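S.K.: This is a predicted model, with the sequence first.
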Amino acid sequence: MDIKPGSRWKSAVCDAQLVVVRPPKQAGELQCGGVAVLELADATAPGGDVHPDHAGGVMIGKRYTDAETGIEVLGAKAGRGSLSFDGRPLQLKDAKPLPASD
Amino acid sequence: MHIPLLLDLMADVAPDRMALGNLDGGLDFGAMRSNARAAAAWLATCGTDKAVFVGLNGNALPVLMFASGMAGCSFVPVNYRLPDAELRKLIARTVPSVVIVDDDMAARIEGIDGATLVTRSEFEARFLLASPAEGEPLDESTNDIAVLLFTSGTTGEPKAAVLRHANLTSYVMSTVEFMGADEDEAALISVPPYHIAGISAVLTSAYGGRRLVYLPAFTAEEWVAAAAREKITHAMVVPTMLDRILDVLEKTGETLPALRALSYGGGRMPEPVIARALDRLPHVDFVNAYGLTETSSTIALLGAEDHRAAFSSSDAQVRRRLGSVGKPLPSIELEIRRDDGTCCAADEPGEIYVRGEQVSGEYLHKKAIADDGWFATNDAGWLDADGYLFVDGRLDDVIVRGGENISPGEIEDVLRQHAEIADVAVLGLPCVQWGEKVAAVIVSRNPTLDVEALSQHVRNQLRSTKTPESWFFRDELPYNETGKLLRRVLKAELAKPD
């Protein structure tokens, strides 16, 4: 799994879509709903079940991080599954929106 | 990560949301991407890595900017207000390039070797007015320079500031929430296309999901009319623009009820102007933004709550924050340093240094950033005890007049050519209308020198904004022991608010 900044992924088990903002410092598996995510271009339709331990959901526009590896992921489409990296749940990044300045 | 991704994300999730242009007849995000892809497919066949834009603000600008990114071209908007000779010199530095040029400006830049001209009307006919077929996305290019912006440097010879895709996307993603805008939000863009705020507005609006509306060239009357007609919710202006907008509002009684947020930057905001704005537009959130071309736009901002708190405070410490640029962004590190490199204490002026992913600190063929990532802004400033940043102006002596950077050296050069001038210093003096105005201090060989003729002499060779508005005469100018003109000594002598 080549998790580069700007790479786009989709959940294998729900509607969530993701963009990698910051890559992980170590290789590993990005998961949604407890299952490895697929490249966005992958033709496979979502199937199977969201694992009940990973069903917190992905919100559009929110960013999720893993303190241990530094990976940061943006929710580009919402979905029922929640994100994890090598089984470790990602945390919602609590960023207060800044006022528009441009 | 390249800038077209910012548009792709919106176009994928909300293709029907309005992206560009007027309430009736504008483009949605899906159409904006289709048009940009079609323009990119054309650019990719041009055999160049630079797309230059010479023209007024308008819908062609964001389409061309995203198309450039998709096609692996750096986008290079150039200041069309430059005299022909300077404009041609800049374009010659971009070759081989494709130049999209306003029809009535094309004659000014004809015949530059390696620059292929395409008129704006032709570009718009193909990629804006027509509905081109949805092209296949191109592969991401290896050219990681998204934008080149010519800045007026201390020497007067413009430097090409490099903004990489990583700088700009980092800025956008760390300061804006993806699709965070309400569907009815619209931003009115009146800063010129060759200004960093004109670049960042395109990117932050696309990523946030906000409609962009362009004013071809600023006049206060047209700004107010467009803001009312298009139900504009957000806008960015330079201080000079705000002063004139307020005049129009006072004259017409227009209240701009849809307007929610007005940000300003690009120069020192005179306190009487912002106080008048807060009074006249109580429903509007004011944001003071400070940033540089080399930092991909904003690095510090003073938000609406801070404005209101300062405006209503009787505590001088709090009240003076109306003149500050607020606090550094959470994604930016900022320090004030002394000449010896150590950090200043609170309230102690020094040079502003910044570090962060959005900071490019780089010019074409010249990196200006330290190995540890810190960038010296060349701006003087200080932080108060609560971390509010105050900017004192350029450490060097560039004059910032109405948001335009003017190098004193080039005006001095012109004046020095005059037979009756023995010595000259040009500097900026505080001015309520423009932030700073151009002043000339002359050592004359002729006691009855004609100032009007001197003004005309400068105007003929440069342009009206570079023509000194105040003239002073001295028997000699102050120099230090190494022969360097002590411009700041003169400035202190002459600086009296008008």
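M.R.: Noted; the coordinates are in hand. Numbers count the residues shown, from 1 in each chain, chains lettered A, B, ... in the order given.

S.K.: From here on, just use CA atoms for contacts and neighbour counts.
M.R.: Will do.

S.K.: Could I get the contacting residues of B:Arg320?
M.R.: The neighbourhood of B:Arg320, defined by C-alpha atoms under 8 Å, 6 or more residues apart in numbering or on different chains, consists of B:Ala310.

S.K.: State the distance from it to B:Gly350.
M.R.: 19 Å (C-alpha to C-alpha, to the nearest Å).

S.K.: what's the answer for B:Gly55, then?
M.R.: B:Gly55 sits 38 Å away from B:Gly350, going by C-alpha to C-alpha.

S.K.: do B:Arg416 as well
M.R.: B:Arg416 sits 32 Å away from B:Gly350, taking C-alpha to C-alpha as the criterion.

S.K.: B:Arg33 now?
M.R.: In this structure, B:Arg33 and B:Gly350 are 45 Å apart, going by C-alpha to C-alpha.

S.K.: How about A:Thr69?
M.R.: On the measure of C-alpha to C-alpha, A:Thr69 and B:Gly350 end up 37 Å apart.

S.K.: now do B:Ala385
M.R.: Looking at B:Ala385 against B:Gly350, where the rule is C-alpha to C-alpha, the gap reads 15 Å.

S.K.: These two: which is more packed in?
M.R.: Just comparing B:Ala385 and B:Gly350: by other C-alpha atoms under 10 Å in any protein chain shown the higher neighbour count belongs to B:Gly350, 25 against 11.

S.K.: Quick check: what element follows the helix or strand bottoming out on mean pLDDT in chain B along the chain?
M.R.: When the helices and strands of chain B are scored by mean pLDDT, DSSP states H and E, strand B:404-406 comes last with a mean of 76. Sequence-wise, the next helix or strand downstream of strand B:404-406 (DSSP states H and E) is helix B:408-416.

S.K.: Please name every helix or strand in contact with that following helix.
M.R.: Contacting helix B:408-416 under the criterion 3 or more C-alpha pairs under 8 Å, 6 or more residues apart in numbering or on different chains; DSSP states H and E are the following elements: strand B:421-431, helix B:451-461.

S.K.: how about the ones you listed, which one is nearest chain A?
M.R.: strand B:421-431 (24.2 Å; C-alpha to the nearest C-alpha).

S.K.: Determine the set of other helices and strands touching the closest one.
M.R.: The criterion is 3+ C-alpha pairs under 8 Å, 6+ apart, and the helices and strands that strand B:421-431 contacts are strand B:399-401, helix B:408-416, strand B:435-444, helix B:487-494.

S.K.: what are the pairing partners of it, and which direction each?
M.R.: In the sheet, strand B:421-431 lines up against strand B:435-444 (antiparallel) (DSSP bridges).

S.K.: Please export the C-alpha coordinates of the partner strand as PDB.
M.R.: The C-alpha trace of strand B:435-444 is given here as PDB (Å, rounded to 0.1, in the frame of the first residue of the first chain):
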ATOM      1  CA  GLY B 435      -0.800  53.500   3.800                       C
ATOM      2  CA  GLU B 436       2.400  54.900   2.500                       C
ATOM      3  CA  LYS B 437       3.100  57.600  -0.100                       C
ATOM      4  CA  VAL B 438       6.200  58.200  -2.100                       C
ATOM      5  CA  ALA B 439       8.400  61.100  -1.000                       C
ATOM      6  CA  ALA B 440      11.600  62.400  -2.600                       C
ATOM      7  CA  VAL B 441      14.300  64.300  -0.800                       C
ATOM      8  CA  ILE B 442      16.400  66.300  -3.200                       C
ATOM      9  CA  VAL B 443      19.800  68.000  -3.000                       C
ATOM     10  CA  SER B 444      19.400  70.400  -5.900                       C
END
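
S.K.: Counting neighbours, which bits of the helix or strand hosting B:Pro272 end up buried?
M.R.: In this structure, B:Pro272 sits in helix B:271-280 according to DSSP H and E. Along helix B:271-280, these residues count as buried under the neighbour rule (16 or more other C-alpha atoms under 10 Å in any protein chain shown): B:Val273, B:Ile274, B:Ala277, B:Leu278.

S.K.: My read is that the first one contacts B:Asp243, right?
M.R.: Okay, so that is B:Val273. Yes: with the criterion set as C-alpha atoms under 8 Å, B:Val273 and B:Asp243 qualify as a contacting pair; they are 6.0 Å apart.

S.K.: Tell me how many other residues surround the spatially closest residue to B:Ile421 that is not a sequence neighbour.
M.R.: Spatial nearest neighbour of B:Ile421, excluding adjacent residues (C-alpha to C-alpha, 6 or more residues apart in numbering or on different chains): B:Ser444 at 4.8 Å. Burial measure for B:Ser444: 19 neighbouring residues, criterion other C-alpha under 10 Å.

S.K.: circling back to that earlier point, identify the farthest-apart pair in the buried residues of helix B:271-280.
M.R.: B:Val273 and B:Leu278 (8.8 Å; C-alpha to C-alpha).

S.K.: okay, and the common contacts of those two?
M.R.: With contacts defined as C-alpha under 8 Å, 6+ apart, no residue is shared by B:Val273 and B:Leu278.
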